[in-house]
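Engineer: here is the input, now give the coordinates:
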Amino acid sequence: MTTKIYASDPAASRGRLYARPDSGTRDAFQRDRDRIVHSSAFRRLRYKTQVFVAPDGDHFRVRLTHSLEVAQIARVIARALGLNEDLTEACALAHDLGHPPFGHSGEDALEAAMAPFGGFDHNAQTLRIVTRLEHRYPDFDGLNLTWETLEGLAKHNGPVAAPTWALAEYDAAHPLDLGSWPGLEAQVAAMADDIAYDNHDLDDGLRAGLFTIDDLLAVPFVAASWAAVTARFPHAPARRLVPELVREQIGRMVDDLLATSRGRIAAVAPSSVADVRAAGHALIGFSEAMATASAALKAFLRARMYTHPFVGRLRDPSQLVVTGLFAALHHDALLLPEAWQASLPADEPGRARHVGDFIAGMTDRFALKTYEQVVGPSPLPDGVLI
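Structural biologist: Prediction:
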């Protein structure tokens with residue numbers, strides 16, 4: 001595939017914090033992608049909540065399957081736009097590594113527990129994982145990713161005007177130009193994340209019975225897509241058309257994003273990735289009409305899925321697990337594993353942040369198991385297995 005002049009070039013990378021010889025078979029961004037896939041943090045995504053805590057069915061998304069779906073959509077977009085596919089995929093695969101157990105409920109609880117110590121932010125935690133907490137090499141911490149991948153993880157949602165402590169700490173040692181937009185590959189990964197969770201959460205919500213197709217038809221974008229699907233397959237049962245609806249909507253979103261992004265890129269006419277960073281606004285995005293449609297779908301999912309009693313019934317108990325773990329481990333460091341005790345900082349806020357690192361890396365089931373060992377019986381309802 002021929003890449004555009006404004007695509008990120010692995011041969012022109014700003015390099016790694018720790019210089020290493022080149023690989024004879026893989027370029028710098030390919031090595032980043034592979035390091036992420038082989039990391040412990042990536043494997044743990046298999047047992048981290050996407051929407052459903054301890055899902056009763058095997059077909060609901062978890063953080064790992066979501067990340068793989070984001071990477072697939074992102075790579076298609078990158079190829080169509082002539083961008084670097086490997087860097088795009090690396091950003092997509094790693095974007096959720098910093099999520100703690102129990103999804104957004106767990107993140108809210110950890111943020112509250114760590115508020116006196118600078119707080120918690122899963123995006124910054126992703127940087128902390130790939131630069132510090134992964135121990136895959138004998139002579140340095142982290143995965144030693146390229147500057148471009150780190151930039152993409154730090155700024156995939158745009159410039160960071162007020163970085164949290166974790167991001168500010170790393171940026172002070174290895175500046176990531178936080179005030180500018182990232183390269184197009186990171187922007188693509190961010191939009192692929194939106195496309196994936198909009199549509200796959202819809203799919204999971206239908207599968208769980210939280211709402212019906214008739215309910216969804218109140219969203220104009222879904223109604224138009226459903227009309228197109230049923231016109232193509234007029235005799236197919238509705239349950240067989242749901243995957244086609246998801247494909248239809250993803251296709252419409254991707255097509256809109258490609259057309260809009262090509263127009264924005266042409267208007268700026270960047271001759272390098274530096275011009276992309278200096279553009280002052282995102283070059284990858286939806287048209288105004290599609291952005292409105294996406295917002296309406298998000299509003300529906302927020303009202304009918306994310307705050308549904310079936311999902312919410314585990315919110316308070318799962319937050320109790322995270323809150324209880326932090327209180328117990330912060331109070332008595334001897335409850336930490338020996339390796340974590342050995343590297344425990346002597347003073348605050350380092351001690352609390354160390355405990356936060358340990359909890360943030362937990363899977364749902366490991367968090368619950370540890371809670372039962374150091375606090376007491378699980379606060380989750382009977383019959384909920386992780």
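Engineer: can you pull the buried residues of stretch 277-293?
Structural biologist: 277, 279, 282-286, 290, 293 (16 or more other C-beta atoms under 10 Å). Backbone N, C-alpha and C define where each C-beta goes, glycine included.
Engineer: let me see the mean pLDDT of stretch 356-367.
Structural biologist: Per-residue pLDDT values over stretch 356-367 give a mean of 96.
Engineer: brain fart, stretch 236-252
Structural biologist: Computed over stretch 236-252, the mean pLDDT rounds to 96.
Engineer: chain center to that stretch: distance?
Structural biologist: 24 Å (C-alpha atoms, centre = their mean, to the nearest Å).
Engineer: buried set for it?
Structural biologist: Going by neighbour count (16+ other C-beta under 10 Å), the buried part of stretch 236-252 is 241-242, 244-246, 248-250, 252.
Engineer: same question, stretch 25-35
Structural biologist: Neighbour-count burial for stretch 25-35, counted by 16+ other C-beta under 10 Å, picks out 27-35.
Engineer: let me have those in a markdown table, extended by distance to P175, pLDDT and secondary structure.
Structural biologist: As requested, the buried residues of stretch 25-35 are exported to a markdown table (distance: C-beta to C-beta, whole Å; pLDDT from 0 to 100; DSSP: H, G, I helix; E, B strand; the rest coil):
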| residue | distance to P175 | pLDDT | secondary structure |
| --- | --- | --- | --- |
| D27 | 24 | 96 | coil |
| A28 | 19 | 97 | helix |
| F29 | 20 | 97 | helix |
| Q30 | 25 | 97 | helix |
| R31 | 22 | 97 | helix |
| D32 | 19 | 98 | helix |
| R33 | 23 | 98 | helix |
| D34 | 26 | 98 | helix |
| R35 | 22 | 98 | helix |
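Engineer: CSV please, covering these and showing distance to S343.
Structural biologist: Conversion of the buried residues of stretch 25-35 to CSV gives the following (distance: C-beta to C-beta, whole Å):
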residue, distance to S343
D27, 34
A28, 30
F29, 31
Q30, 32
R31, 27
D32, 26
R33, 28
D34, 27
R35, 22
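Engineer: any idea which of those residues is closest to R302?
Structural biologist: R33 (32.2 Å; C-beta to C-beta).
Engineer: re earlier: looking at the buried residues of stretch 25-35, which is nearest H174?
Structural biologist: Proximity to H174 was ranked across the buried residues of stretch 25-35 by C-beta to C-beta; first place goes to D32, at 15.0 Å.
Engineer: okay, and the helix or strand of this structure with the least pLDDT?
Structural biologist: Sorted by mean pLDDT, DSSP states H and E, the helices and strands of the chain end with helix 309-312, the least confident at a mean of 82.
Engineer: how is this structure divided into domains?
Structural biologist: According to the domain assignment given by automatic domain parsing, the chain is divided into the following structural domains: 27-173, 200-311, 315-374.
Engineer: which one of these lies nearest to Y6?
Structural biologist: In this view, the domains of the chain are compared for proximity to Y6 by C-beta to C-beta, and domain 200-311 is the closest at 4.1 Å.
Engineer: now the strands for the stretch 101-250 of the chain?
Structural biologist: Chain-ordered strands for the stretch 101-250 of the chain, with DSSP state E, counting those that start in this stretch as the definition, do not occur.
Engineer: CSV for the buried residues of stretch 236-252, including distance to P381?
Structural biologist: As requested, the buried residues of stretch 236-252 are arranged in CSV below (distance: C-beta to C-beta, whole Å):
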residue, distance to P381
L241, 34
V242, 29
E244, 36
L245, 32
V246, 31
E248, 37
Q249, 34
I250, 35
R252, 39
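Engineer: spit out the contact partners of the residue most central in space within the chain.
Structural biologist: In the chain, the C-alpha closest to the average C-alpha coordinate belongs to D96, at a distance of 2.9 Å (C-alpha atoms, centre = their mean). D96 is in contact with 45, 48, 63, 66-67, 122, 126, counting by C-beta atoms under 8 Å, 6 or more residues apart in numbering.
Engineer: phi, psi for the closest residue in space to T2 that isn't next to it in sequence please.
Structural biologist: Taking C-beta to C-beta, 6 or more residues apart in numbering, and ignoring the residues beside it in sequence, T2 has G82 as its nearest neighbour in space, at 6.5 Å. Dihedral pair for G82: phi 70, psi 30, per degrees, to the nearest 10.
Engineer: since we're on G82, how many residues are nearby?
Structural biologist: Summarising burial for G82: neighbours were counted as other C-beta atoms under 10 Å, giving 16.
Engineer: if I pick V37, what's in contact with it?
Structural biologist: Contacts of V37 were listed using C-beta under 8 Å, 6+ apart, and they are L93.
Engineer: I'd say A228 and R247 touch.
Structural biologist: No. In terms of C-beta atoms under 8 Å, A228 does not count as a neighbour of R247; the distance is 10.8 Å.
Engineer: rewinding a little: which of the domains of the chain sits most buried?
Structural biologist: Mean neighbour count (mean count of other C-beta atoms under 10 Å) peaks for domain 27-173 among the domains of the chain, with a mean of 21.
Engineer: end to end, how far does it reach?
Structural biologist: Terminal residues of domain 27-173 are spaced 25 Å apart (C-alpha to C-alpha, to the nearest Å).
Engineer: chain center to that domain, what's the gap?
Structural biologist: Centroid displacement of domain 27-173 relative to its chain, using C-alpha atoms, centre = their mean, is 6 Å.
Engineer: can you check stretch 337-352 too?
Structural biologist: 27 Å.
Engineer: residues in contact with the residue nearest to V222 when sequence neighbours are not counted?
Structural biologist: Residue nearest to V222 in three dimensions, not counting chain neighbours: L216, with 4.6 Å by C-beta to C-beta, 6+ apart. By C-beta under 8 Å, 6+ apart, the residues touching L216 are 202, 206, 222-223, 226, 300.
Engineer: TSV for these, including distance to A236 and pLDDT?
Structural biologist: Supplementary listing: these in TSV, determined by distance: C-beta to C-beta, whole Å; pLDDT from 0 to 100:
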residue	distance to A236	pLDDT
L202	18	95
L206	15	94
V222	17	98
A223	18	98
W226	12	98
F300	24	97
